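In: Using only what follows, build the 3D model:
(chains A and B)
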Amino acid sequence: MSQSKLDLLQGTLDVMVLQTLEVLGPLHGYGIARRIEQISGNQVLLNQGTIYASLVRLQQRGWIAAKWGTSDNNRRAKFYSITKAGKKQLAQDTVYWQRLSGVMGRVLAMHGEGGEQ
Amino acid sequence: MRHSLREAFNRIRSFFRKDPLDQELNQEMASHLEMAVEENISRGISAEEARRQALVRFGGIQRSLELHRESRGLPWLDVLTQDLRFTFRTLKRDYGFTMIAVLILALGIGANITVFSVVNTILLRPLPFRNPQQLVRIVEKDPKAGESSKTYTADATQDFQQRNRCFQSVSGYFAFTGPDNFKLIGNGQPVPATGILVAEGFFQTLGVDPSLGRSFRSEEFVKHAKPVALLSYPFWKRQFGGDRSIVGRAIDLSNTSVTVIGVLPNTFDFGSVFSPGAKVDLFVPYIMDDFRDDGNDLALVGRLKEGVTLAEAQSEADQLFPQLYFDHKHPQIDAQTGKGVYTGQLTRLKDYIAGKLRRSLIVLWCAVGLILLIVCVNLSNLLLARLAARSKEFGMRSALGARRGRIVRQLLTESIVLAAAGAAFGLGLAYVTIRYLAHQGSIALPLLSMVRVDGTVLGWTLLIAVAAAVLFGSAPGGRMSSGNLQDLLKDSGGHGASDGRKHSRLRSTLVVTELALACVLLVGAGLLLRSFLRVLELDLGFEPSHAAAISLDFDDGEKPATRAAKWREIVEHISSIPGVETAGIADNLPMSRNRSWGIAAKGEQKLNDRDFIPVFVYIVSPGYLKAMGMRLLEGRDITWHDILDNRKVVIINETVARRLWPGRNPIGRPAFAGGAEAEVIGVIADVRESGAEDNAGAQMYLPATKQFGPEGAYLVLRSKLPSTALARSVMMALRRIDPGQPATEFKSIQALVDRATSPRRFFVLLVGIFAGLGLLLAALGIYGVISYSVTRQRPEIGVRMALGATEARVQLDVIWRTMQLTLVGISVGFVASLAVSRLIAALLFRTAPGDPLTFAGMIVLLGTVALLAGYLPARRASKIDPMIALRSN
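Out: Predicted coordinates for the structure are as follows:
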């Protein structure tokens, strides 16, 4: 079952986290992980624990900020929100990923057309 | 990029806040899991299943924690601290091994640091003057007459100062100052002091500014100027307690009131630069007009102009020097060539000081490098033995998932920790040694007092520590990375397997290398030692043992008659002291300073300059020759009558006799000596006057009369009693005759000779210590390898003994193995030594580089020690009880 899921490429999780926070506002780690799973339609292989490595990295780069708070069901949790620098970075990353996926799509399509061999 | 800077900063911060961050993450993960469980339960799953699923989705708490740590902190540093912690634990457990390894390394590295700091000070570091590369020493091209041909007259110096175009300034100092030529009279007993006369601009030329007060001014170099003096820093501290108000005050120097105008900086040590080992207390102006008629006495130092090369200055000097006059009143021109008698050889001051020592120091440097190499080989060997003993540990770790790289890294960490500990202790050792050397007045090496541990030395320490770690760590590390770890685990104890054999072959190679290196060191040290012994057994021409000298002070009012009476009184009084065999006075002692006059055989024709040969001159009293233990070959000693009657007589040495009157008896012949006619009354055996290894030069001995005034005076006495026992009665007798006699110490003549041979002694001692160390290490290496192989072969030996092999047979086998290693090592070492001994040939004295006795002696020594080292394990092997050995297998 796990073989059918997508392995995350280096750096993609960071972009997903930034985008989630940008769209949904402050969230805790569990919330972010769940949201990414839902959006991807359970297509990505995500050990939820790995999200914390990504969160601390983004935090240290100054792209997200963290604050302890209380969740909907009254549980203490750390809430993350995107910073100004994070937004700027996300904008750059978005352009980059869109260009890359466009190029990849074209390259792979070419392979499909000439695929008689 | 700003964010990567921020990230780096945050990573470092996180590294030091591990615990709070981990705690925070644990809380975060706990609440994460609870939220997940809650969500699962709300979907109707049982509590237990909900928790299980939550954990599965989370994917390993420990792994997440590690990932978190890796991305927030400094993972490589974490690994390093882990390795270090583990290393410390292992090394602490192997206490004995660690001690030996660190000790060996400390000795090797310490020796290297010490030698490097000496090399650095004498050869590499610039002199402690402003722009030292511009400083040049000027001497005669062919210095055949000792110090006199390294000096120039006042007239010649002034001419050169005025006519040269290449120098900013040229100055010099009076080169013939004996120690304790002044006495400082103040409260209590007069204190002897050594003062150097320096020409105008001497300190400006060197670029030395007084740390207190001012330097000399031009008007202080004029005849009858008000006497002034500059104090050296140690003298100021010692005699005046560092009193700053001394500047401007007058002190009484040898009954003259002299104004102190300044104190020189502590960093300026005249003795260590210009006259190794000598202690200089003060400086006074050299007033040219006072020395016009005195011949060559200024040692010249010049500072080149900006941008002028040494070659340019040299070609100018080649033109100018032959035009210089010895004396304006009596121009000396060679009758044949029509040119002047002077030449000028320019040498950079640094090269002039260190040049002669370069070769010795480089040899020393190489020797100490060899020691480090032997230390590394030895340690490599120890580590390999340890590796074999730890093979199970490594096999286990690899089975538990440690990657090979990680294990190699662990091994290298161990090497580096050992090297660092060795370097730390070595640095301490070197520090103590260096301090000792720097305060050693008895070693006549230039700049030695300036040897210290500085930044360069610390850098060098770091370099050799790392180099050593890589050298001795690479063999075990390499083996670990090439060997099969699974085999290690399988191999029960390492015997029997082919891998084990390869292992012991590597160790044998290392021991052979070690033996060869030790052989080279031993042979080198042996050759130097033999040269040193040859120097010691030289016939000096006098008997240094049982003779002592003391510097005399007396007031003769510059009248020869008074002086003669005083001298006679002193010599007769001292000779009558019980225990004193004989006494005499001379104005100079062998091996201390140097000056030369001229002597010629007087014949029918008028004497030409070329008829004179430069001779070293002593102005002496009767009894001096006997007190020094010189041998009168023909004729007689000077008598008091010669002095009182003002007879013009001279005693010459064999060299002079041979050169002036070849094949004829010189006794009774007229000579022209020291500017006056004199009759030759005696011939003495040659005396080495300026150093044990220099050839004896021409010498003459003149009575202190009207014509031949002495410069200072030394009382020399010969006695079987130690000079300390005599000091009181001699000093009392001297005080009775002259109350102004300063409290100078007795100098044993043997000490003068020892000082002259001290550089060679210093090198021999160091190289000898290194060779001894090398020998010890090689023995240790042999012992280790043989001992290890005996341990490995225990069962085999047990079987053989059970089958009837005798103890002697077993012992012989082990010793035979030792001999094989030793023979190979010594053969390689022999060939290498032959090559190396050629390289040090220039340092040897009357010893052939291939001296068979030294080679044979050292090889026998090395072989014996190696066999002894092998004998101990051999004995152990023969004591193996076959029953126990077989059962333990």
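In: you'd agree B:L346 is in a strand?
Out: Yes: looking at B:L346 with DSSP: H, G, I helix; E, B strand; the rest coil, it is inside a strand.
In: any idea how chain B splits into domains?
Out: Per automatic domain parsing, the domain ranges recorded for chain B read B:2-73, B:75-130+B:356-493, B:141-343, B:495-540+B:754-889, B:554-741.
In: Out of those, which gets nearest to A:R75?
Out: Nearest to A:R75, of all the domains of chain B, is domain B:2-73, at 5.5 Å by CB to CB. For the C-beta atoms, the positions are set from N, CA and C on the backbone; glycine is no exception.
In: and that closest one, anywhere near chain A?
Out: Yes: using CB under 8 Å from any CB of the partner chain, domain B:2-73 reaches chain A at B:3-4, B:6-7, B:10-11, B:14, B:24-25, B:27-29, B:31-32, B:34-36, B:38-39, B:57-61, B:63-64, B:67-68, B:70-72.
In: now the strands for chain A?
Out: Under the criterion DSSP state E, strands of chain A are mapped to A:27-28, A:64-70, A:76-82.
In: And the ones you listed: which comes nearest B:T456?
Out: The minimum distance between B:T456 and the strands of chain A falls on strand A:64-70, with 49.5 Å, by CB to CB.
In: what does chain A put close to chain B?
Out: Residues of chain A lying close to chain B (CB under 8 Å from any CB) are A:28-30, A:33-34, A:47-50, A:52-54, A:56-57, A:59-63, A:71, A:73, A:75-78, A:85, A:89.
In: Are any of these buried, and if so which?
Out: A:28-30, A:33-34, A:47-50, A:52-54, A:56-57, A:59-63, A:71, A:75, A:77-78, A:85, A:89 (16 or more other CB atoms under 10 Å in any protein chain shown).
In: that older thread, so which of the residues of domain B:2-73 next to chain A sit within helices?
Out: If you go by DSSP state H, those have B:3-4, B:6-7, B:10-11, B:14, B:24-25, B:27-29, B:31-32, B:34-36, B:38-39, B:57-58, B:61, B:63-64, B:67-68, B:70-72 in helices.
In: Secondary structure class of whichever residue of the stretch 351-500 of chain B sits closest to chain A, three-state.
Out: Here the stretch 351-500 of chain B gets closest to chain A at one residue, B:G401, 20.0 Å apart by CB to the nearest CB. Under three-state DSSP, the three-state class of B:G401 is coil.
In: Next, give phi and psi for it.
Out: Phi and psi for B:G401, reported as degrees, to the nearest 10, are phi 110, psi 0.
In: in the helix or strand where B:A856 lies, what counts as buried?
Out: For B:A856, the element it lies in under DSSP states H and E is helix B:852-878. Neighbour counts over helix B:852-878 (16+ other CB under 10 Å) mark B:854-855, B:857-859, B:862-863, B:865-867, B:869-871, B:873-874, B:876-878 as buried.
In: try stretch B:13-28
Out: Buried residues in stretch B:13-28 (16+ other CB under 10 Å): B:S14, B:F15, B:L21, B:L25, B:E28.
In: got it, and stretch B:348-363?
Out: So, applying 16+ other CB under 10 Å, buried residues of stretch B:348-363: B:R348, B:L349, B:K350, B:Y352, B:I353, B:A354, B:L357, B:S360, B:L361, B:V363.
In: And the pLDDT for the residue lying closest to the first one once chain neighbours are set aside?
Out: Spatial nearest neighbour of B:R348, excluding adjacent residues (CB to CB, 6 or more residues apart in numbering or on different chains): B:V136 at 6.0 Å. Looking at B:V136, its pLDDT reads 94.
In: in the sheet, who's paired with B:V136?
Out: Residues in a beta bridge with B:V136, per DSSP bridges, are B:G302, B:R348.
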